[in-house]
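Engineer: Fold the stuff below for me.
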Amino acid sequence: MGKKILVIDDDYNIAKKSKEELLAAGYTVVVAYCAKEGMEKLKAEKPDCVLLDLVLPDESGFKVAQEIKALPEFADTPIIAASLKHEEVDKHIAAKSGITVYVEKPIDYTRLLFDIKDVLGGGIK
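Structural biologist: Numbering: from 1, shown residues only. Have a look, this model is predicted:
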């Protein structure tokens, strides 16, 4: 299988669509629906990249990104944030939180796949 992507999104339909698109592109996909579950799956599954919703029911996605980056074994794991927040200040906070790429919802999956290939260093291995 391809590289592993962890999708953390509380919107079931978005998580499902993201999983379908990523599987079709050859990635292995793990899904979590809240920050707590996402952190558990991060540690258990050791993904190559995280697709992170910034608005989760139990924690801010910005905080989750900081928690991921604070763990030495995941400090270099790319995080792609997906959000309905379209303000420049949110993009600035995202960058300061360790987020590699910021995409707006609704997600343009063609662009997302290019972003994932880019952050993973050239694509599916």
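
Engineer: And the strands in the protein, which stretches?
Structural biologist: Chain-ordered strands for the chain, with DSSP state E as the definition, fall at 4-8, 28-32, 49-53, 79-83, 101-104.

Engineer: Report the strands that pair with the first one, each with its relative direction.
Structural biologist: Sheet pairing here is set by DSSP bridges, and for strand 4-8 it gives strand 28-32 (parallel), strand 49-53 (parallel).

Engineer: rewinding a little: which of the strands of the chain sits closest to K69?
Structural biologist: strand 79-83 (7.7 Å; Cβ to Cβ). No exception for glycine: its C-beta is placed from N, CA and C like everyone else's.

Engineer: Can you list the helices and strands that that closest one packs against?
Structural biologist: Helices and strands in packing contact with strand 79-83 are listed as strand 49-53, helix 61-70, helix 88-96, strand 101-104, helix 109-119; criterion 3 or more Cβ pairs under 8 Å, 6 or more residues apart in numbering; DSSP states H and E.

Engineer: buried sites along it?
Structural biologist: By neighbour count on 16 or more other Cβ atoms under 10 Å, the buried set for strand 79-83 is I79, I80, A81, A82, S83.

Engineer: can you tell me which of the helices and strands packed on strand 79-83 the model trusts least?
Structural biologist: Mean pLDDT is lowest for helix 88-96 among the helices and strands packed on strand 79-83, at a mean of 90.

Engineer: And for that one, what's in contact with it?
Structural biologist: L54, F62, A65, A81, S83, Y102 (Cβ atoms under 8 Å, 6 or more residues apart in numbering).

Engineer: Now for the first one: which residues touch it?
Structural biologist: Taking Cβ under 8 Å, 6+ apart, we find L54 in contact with S60, G61, F62, A81, A82, S83, K85, D90, A94.
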